[in-house]
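> Provided below are the primary sequence and the corresponding predicted coordinates.
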Amino acid sequence: MEVSEHIKIIKATASAPSNIAIVKYWGKKGVQEPVNPSISFTLSKSVTNTTISYQPSEDKLDIRFLFEGKSKDSFVPKLQQLTSRISAFLPFLEKGQLIIESSNTFPHSSGIASSASSMAAISKALFDVQIQLSPECLRDNKDQLISEMARLGSGSACRSTQKGWVLWGQSAEIASASDKFGIGINQQVHGNFMSLQDTILVIRKGAKSVSSTVGHQLMDNHPYREGRIHQANKNIKKLLQALNSGDFAMFAEVCEEEALSLHGLMMSSSPAYTLLAPESLRAIKRIKKFRDHHHLPLTFTIDAGPNIHLIYPKAQSKIIVPFIEEHLKPLCENEEVIYDEISIK
Ligand code: PMV
């Protein structure tokens, strides 16, 4: 087919940060809805940048994906699932040719969730394409819609479409909270939690032995399912209180209970598994000993992997960074440590 010179190619670019959950989303219902509410904050340096080129045509939607300049066909099925789920919102996605190019500002498989930032950036850019083509298709609340679309790509991505502290999932604590999209809660957060550092100890690089998709599924018939849902709701309430009042000790209690419970759930799934490495536990022991000795506001969280995220206020960096460099860095694969922090604006 000869391509007419007049066929317009529509371009859009967008960026989105990764996020780290303090109360964890673990277990799904329906189409990518959470069984419990979660709260996270977005990161500053860990960002996905995306460029989309869309060429309208009468053919069924065709998707090409390039990651850091190279074709990555293995991600196309995930994008097909996303576009088929959101074409009700963005009708242009039924037909035409879509080229999606993404790159991350952070190393992959390093304990920073890349699916959250990628799906959030892609959803923003797709929204922009629809605006350029036919804005009348779009309903009023742009932020909600973009978050909802990102969720349909990867659950936790709905907490990456806006900056700072985000709550996702129905909760008795906040009437406007929803299972369908994340809501920003920065207004309710004390200044003490607006400069948090997230230093990631890359204990092990590389793909996980059990994916989060499988981990979520194992919650369906988990013996502690109901207890976990109860615990997460209780921790949302406690975390909101801590965030509101600026109480770091209360914040740290929730943070660590959530991190260790997530891994406890994995160890009590059927089949049972663990993603922690010996160095993960060694790091936790060293962190606790150091913070108890110096009475420091320092805590940690862990996502679905062996890597440890140290969380502390920026003002404490002077004393905490030398400790990380001397006592925690040697526990990391190739001594890799990533210094990131919360992004609010
Ligand atoms: O969004 P998913 O399907 O990658 O699941 C994320 C699960 C955790 O990272 C372990 C917790 C969370 O709330 O981000």
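Yep, that arrived. Numbering: from 1, shown residues only.

> hey, let's count contacts and neighbours off CA atoms from now on
Fine.

> wait, residue 37 sits on residue 232?
Yes - between residue 37 and residue 232 there is a contact under C-alpha atoms under 8 Å: 6.9 Å.

> so what sits against both of the two?
23, 24 (C-alpha atoms under 8 Å, 6 or more residues apart in numbering).

> what about the strands in the stretch 51-200 of the chain?
Assigned by DSSP state E, counting those that start in this stretch, the strands in the stretch 51-200 of the chain fall at 62-67, 70-71, 95-104, 165-168, 182-184, 196-201.

> buried stuff in the third one?
Using 16 or more other C-alpha atoms under 10 Å as the test for burial, strand 95-104 gives 95, 96, 97, 98, 100, 101, 102, 103, 104.

> who's in contact with the fifth one?
When contacts are counted by C-alpha under 8 Å, 6+ apart, residue 100 is found next to 50, 51, 52, 53, 63, 64, 65, 66, 122.

> Between those, which sits nearest the ligand?
Nearest to the ligand out of these is residue 122 (C-alpha to the nearest ligand atom; 14.9 Å).

> Now do the closest one, the pLDDT please.
Residue 122 carries a pLDDT value of 98.

> For it, which residues are in contact?
14, 50, 52, 100, 150.

> which one of those has the most neighbours?
residue 150 (32 neighbours; other C-alpha atoms under 10 Å).

> quick one, helices of the stretch 151-300 of the chain?
212-218, 225-245, 248-267, 278-294 (DSSP state H, counting those that start in this stretch).

> which one of those helices lies closest to residue 168?
Residue 168 lies closest to helix 225-245 among those, at 10.5 Å (C-alpha to C-alpha).

> and the closest one, which residues are buried?
225, 228-229, 231-233, 235-236, 238-245.

> Quick one: closest of the strands of the stretch 51-200 of the chain to the ligand.
strand 165-168 (9.0 Å).

> ok, the closest one: who's next to it in the sheet?
Applying DSSP bridges to the sheet, strand 165-168 is found paired with strand 38-60 (antiparallel), strand 182-184 (antiparallel).

> Of these, which stretch is the most buried?
strand 182-184 (a mean of 26; mean count of other C-alpha atoms under 10 Å).

> Distance from that strand to the middle of the chain?
13 Å (C-alpha atoms, centre = their mean, to the nearest Å).

> Quick one: residues in contact with it.
Under C-alpha under 8 Å, 6+ apart, the answer for strand 182-184 is 144, 147-148, 158-159, 162-169, 176-177.

> any idea which of the residues you listed has the most stuff around it?
residue 159 (34 neighbours).

> thought that one was touching residue 169?
No - between residue 159 and residue 169 there is no contact under C-alpha under 8 Å: 10.4 Å.

> Quick check: neighbours shared by those two?
With C-alpha under 8 Å, 6+ apart as the test, residue 159 and residue 169 both reach 181, 182.

> quick revisit: identify whichever of the strands paired with strand 165-168 lies nearest to residue 332.
strand 38-60 (18.9 Å).

> Now do the closest one against strand 196-201: the angle between them, please.
70 degrees (axes from the mean of the first three to the mean of the last three C-alpha atoms, to 10 degrees).

> coming back round to it: I'd like the contacts of residue 122 laid out as JSON lines, including pLDDT.
Output for the contacts of residue 122, formatted as JSON lines (pLDDT from 0 to 100):
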{"residue": "14", "pLDDT": "98"}
{"residue": "50", "pLDDT": "98"}
{"residue": "52", "pLDDT": "98"}
{"residue": "100", "pLDDT": "98"}
{"residue": "150", "pLDDT": "98"}
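
> Please convert the residues you listed to a markdown table, extending it with distance to residue 71.
Converted to a markdown table, the contacts of residue 122 look like this (distance: C-alpha to C-alpha, whole Å):
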| residue | distance to residue 71 |
| --- | --- |
| 14 | 19 |
| 50 | 14 |
| 52 | 14 |
| 100 | 10 |
| 150 | 22 |
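
> Could you count how many residues lie near residue 302?
Residue 302 has 26 nearby residues by other C-alpha under 10 Å.

> May I have the beta-bridge partners of it?
With DSSP bridges as the rule, residue 302 is bridged to residue 308.

> show me the contacts for it.
Neighbours of residue 302 in contact, by C-alpha under 8 Å, 6+ apart: 259, 260, 308, 309.

> Could you measure from the nearest residue to residue 248 once chain neighbours are set aside over to residue 197?
Spatial nearest neighbour of residue 248, excluding adjacent residues (C-alpha to C-alpha, 6 or more residues apart in numbering): residue 297 at 6.3 Å. Distance, residue 297 to residue 197, by C-alpha to C-alpha, to the nearest Å: 11 Å.

> what's the answer for residue 225, then?
As for residue 225, its distance to residue 197 is 32 Å (criterion: C-alpha to C-alpha).

> cool, residue 131 as well?
In terms of C-alpha to C-alpha, residue 131 sits 36 Å off from residue 197.

> These two: who's more crowded?
residue 197 (24 against 14).

> Residue 314 is in contact with that one, correct?
Yes - under the criterion of C-alpha under 8 Å, residue 197 makes contact with residue 314 at 5.8 Å.

> Hmm, residue 188 is touching residue 245, no?
No - between residue 188 and residue 245 there is no contact under C-alpha under 8 Å: 9.1 Å.

> Around the ligand, pick out the residues from the chain.
21, 24, 25, 26, 38, 154, 155, 156, 212, 213, 303, 304 (C-alpha under 6 Å from any ligand atom).
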